[in-house]
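*Asks:* missing the sequence, but the structure's below:
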């Protein structure tokens, strides 16, 4: 009897492993297709406002910046050195990270007990989710954030599944890198600790390895922490000023939840909601219940702090994985078998339908027509964005060259002897970054500004007796300079958020040296 059954069990196990290997091959193929898709479309419009910031920060390598930790500027510096400055080149890291997230999610589904269908379903959810499509299309701190959050989740799952506390050390290493990439992972860490406290996995809190992981995270984060202390917590100053200014749109509870569904695409909502329910209530996933609590705590924190809807997006891949595992189990009966391919097809079709929202597949005019046909309005996260004809993530890819061109007109009015002590003052990091990036074509010097990290970099030694000033009012400038000349306004671009920016030439300082004025130009908001 035993000799007959043993080969059957072995054959079943071997078949299951073969199916998992085949599924992972399919997942990797999906990830590769996603990478190629983004590489193709990532040069359709122009450079995004924040991309100028990351490139400028990458030119000033440091352990921190006013609006971000150092990891993305450092990677941008390396990427530009290796790949160049084209749109496809600077967006290669985001495209690669988002494609790797597909594989990460499938691996998490496998560790949660998923079989072939769960791996593929979870991967497809990541592929079609709007936020991850957007992450892959623009260079920013959002692009690596889900990978790092899910790296932490993966090692937490391994520690629980294999009863190996040593995995918490790797959890800490990834958490430390996450803190050097974007500070919001701190809320994920708080939520993870809360989840452990609320479940049977609290036993890990008494183990040395989780505390060694905490030490590793702290040591990796320490250089940026010391930088923040040295500069009197610039990021906290920035966040406080933004809050005081009332710049962000604050959503009520119901709308916040709706926008969560919209952010990772409404048709994937049944999958991640099933994931939350399964993690909290489904017996097979009981060992990982702390992940369910982790989501609820993160959700509560970001809602209470009036965070933007996309702040929570890095957590959804683990919910896709858990939901896919549960759905796979629930559909493993004759009545549900036919639904499996139907769900995947629906996700892919609807994903193709919404893809032009986060990915510049259409021309601007075609996108505007498409946007008007959508059955819902696209989210607006800042009040200033309401005036743009395109959503902000597209509008801020237009208008920058026009600003630089008008600045070059002003620069052309100076003799070579005058240019040595004539700086270009910009009101925000977008304008300054555009001048830094495009200005070399016109022989322009690097810009100065009171915005974000530009203020820390200082006035670059300019006396202040001669400045080209962007985007100000003549009556204000006449109080600072003896002679103010209006040069012109940047050519209008109907798609841009920053349009028709005035440019002035200012001579004869009334305020003394530029270094004396510099504390007053600080603009962290």
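*Replies:* Structure received. This is a predicted model, so every value here is computed, not measured.
*Asks:* neighbours around the closest residue to residue 115 other than its chain neighbours, how many?
*Replies:* The shortest distance from residue 115 to any non-neighbouring residue, by C-beta to C-beta, 6 or more residues apart in numbering, is to residue 328 (6.1 Å). For every residue, glycine as well, the C-beta is placed using N, CA and C. Close neighbours of residue 328, defined as other C-beta atoms under 10 Å, add up to 22.
*Asks:* Would you quantify the distance from residue 328 to residue 57?
*Replies:* 44 Å (C-beta to C-beta, to the nearest Å).
*Asks:* residues contacting residue 231?
*Replies:* Counting by C-beta atoms under 8 Å, 6 or more residues apart in numbering, residue 231 touches 64, 66, 456.
*Asks:* what's the helix or strand hosting the residue nearest to residue 115 packed up against?
*Replies:* Per DSSP states H and E: residue 328 is located in helix 316-330. Applying 3 or more C-beta pairs under 8 Å, 6 or more residues apart in numbering; DSSP states H and E, one finds that helix 316-330 contacts helix 92-111, helix 116-128, helix 145-161, helix 269-281, helix 289-304.
*Asks:* And the helices in the stretch 1-150 of the chain?
*Replies:* Using DSSP state H, counting those that start in this stretch, the helices found in the stretch 1-150 of the chain span residues 2-41, 49-58, 71-83, 87-90, 92-111, 116-128, 130-135, 145-161.
*Asks:* just so I know, which of these lies nearest residue 485?
*Replies:* Among the helices of the stretch 1-150 of the chain, the nearest to residue 485 by C-beta to C-beta is helix 49-58 (26.8 Å).
*Asks:* How about residues contacting that closest one?
*Replies:* Contacts for helix 49-58 (C-beta under 8 Å, 6+ apart): 65, 67-68, 70, 72-74, 76-77, 80, 85, 90, 138-140, 396-397, 400, 429-430, 432-434, 436-437, 452-454.
*Asks:* Make a PyMOL selection of the buried ones in those.
*Replies:* Selection of the buried residues among those in PyMOL, burial being defined by 16 or more other C-beta atoms under 10 Å:
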select buried, resi 65+67+68+70+72+73+74+76+77+80+90+138+139+140+396+397+400+429+430+432+433+434+436+437+452+453+454
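*Asks:* Strands - which of the contacts of helix 49-58 land there?
*Replies:* Among those, none falls in strands (DSSP state E).
*Asks:* circling back to that earlier point, show the average pLDDT along the helix or strand following the helix holding residue 328.
*Replies:* Using DSSP H and E, the helix or strand that follows helix 316-330 towards the C-terminus is helix 334-337. Mean pLDDT, helix 334-337: 74.
*Asks:* For helix 334-337, what is the distance to the chain centroid?
*Replies:* Its chain's C-alpha centre and that of helix 334-337 lie 39 Å apart, by C-alpha atoms, centre = their mean, to the nearest Å.
*Asks:* ditto for stretch 285-292
*Replies:* 27 Å.
*Asks:* what's the span of it, first residue to last?
*Replies:* End-to-end distance of stretch 285-292 (C-alpha to C-alpha, to the nearest Å): 10 Å.
*Asks:* Which positions in it come out as buried?
*Replies:* Those would be 285, 287, 288, 289, 290, 291, 292, for stretch 285-292 by 16+ other C-beta under 10 Å.
*Asks:* same deal with stretch 274-283?
*Replies:* 274, 275, 276, 277, 278, 279, 280, 282.
*Asks:* Show the model's pLDDT score for the last one.
*Replies:* Listed pLDDT for residue 282 reads 97.
*Asks:* cool, and the third one?
*Replies:* Taken from the predicted model, the pLDDT recorded for residue 276 is 98.
*Asks:* now it: how far from residue 299?
*Replies:* 9 Å.
*Asks:* Residue 228: neighbouring residues, count only.
*Replies:* 18.
*Asks:* nearest spatial neighbour of it, skipping sequence neighbours?
*Replies:* residue 64 (5.9 Å).
*Asks:* Count residues in the vicinity of that neighbour, would you?
*Replies:* Count around residue 64 with other C-beta under 10 Å applied: 24.
*Asks:* Same question for the one 5 residues further on.
*Replies:* Number of residues near residue 69 (other C-beta under 10 Å) recorded here: 26.
*Asks:* got the contact list for it?
*Replies:* Taking C-beta under 8 Å, 6+ apart, one finds 179, 180, 181, 182, 183, 224 in contact with residue 69.
*Asks:* pLDDT wise, what is it at?
*Replies:* 97.
*Asks:* How about residue 523?
*Replies:* For residue 523, pLDDT reads 89.
*Asks:* now the stretch 101-250 of the chain, which segments are flagged as low pLDDT?
*Replies:* 247-248 (pLDDT under 70).
*Asks:* re the thing from before, any idea of the mean pLDDT for the helix holding residue 328?
*Replies:* The model assigns helix 316-330 a mean pLDDT of 97.
*Asks:* what angle sits between it and helix 289-304?
*Replies:* 130 degrees (axes from the mean of the first three to the mean of the last three C-alpha atoms, to 10 degrees).
*Asks:* in helix 316-330, what's buried?
*Replies:* 316-329.
*Asks:* For residue 408, which non-adjacent residue is spatially closest?
*Replies:* residue 442 (3.8 Å).
*Asks:* same check, this time on residue 437
*Replies:* residue 52 (5.7 Å).
*Asks:* Got the confidence number for that neighbour?
*Replies:* In this model, residue 52 carries a pLDDT of 97.
*Asks:* That one: how many residues sit nearby?
*Replies:* For residue 52, using other C-beta under 10 Å, the count is 23.
*Asks:* For the spatially most central residue of the chain, list the residues it contacts.
*Replies:* Per C-alpha atoms, centre = their mean, the C-alpha nearest to the average position across the chain is that of residue 142, at 1.1 Å. Residue 142 makes contact with 131, 134, 135, 182, 310, 313, 314, according to C-beta under 8 Å, 6+ apart.
*Asks:* Can you lay out these as CSV showing neighbour count?
*Replies:* What follows is the contacts of residue 142, written out as CSV (neighbours: other C-beta atoms under 10 Å):
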residue, neighbour count
131, 23
134, 21
135, 28
182, 22
310, 20
313, 22
314, 28
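*Asks:* So of those residues, which two are at opposite extremes in space?
*Replies:* The most distant members of the contacts of residue 142, if one measures by C-beta to C-beta, are 134 and 182, lying 15.3 Å apart.
*Asks:* Let's verify residue 312: helix, strand, or coil?
*Replies:* helix (DSSP: H, G, I helix; E, B strand; the rest coil).
*Asks:* neighbours of it, just the number please.
*Replies:* 24.
*Asks:* What residues does it make contact with?
*Replies:* Contacts of residue 312 by C-beta under 8 Å, 6+ apart are 260, 263, 298, 299, 302.
*Asks:* Let's see the pLDDT reported for the last one.
*Replies:* What that stands for is residue 302. At residue 302, pLDDT is 94.
*Asks:* what does the second one give?
*Replies:* As predicted, residue 263 sits at a pLDDT of 88.
*Asks:* related to what we said a few turns ago, verify the stated contact: the residue nearest to residue 408 with residue 404.
*Replies:* Yes - with contacts defined as C-beta atoms under 8 Å, residue 442 counts as touching residue 404 at a distance of 6.9 Å.
*Asks:* Compare neighbour counts for these two and give me the winner.
*Replies:* A direct count of neighbours by other C-beta under 10 Å for residue 442 and residue 404 places residue 404 higher, at 24 against 14.
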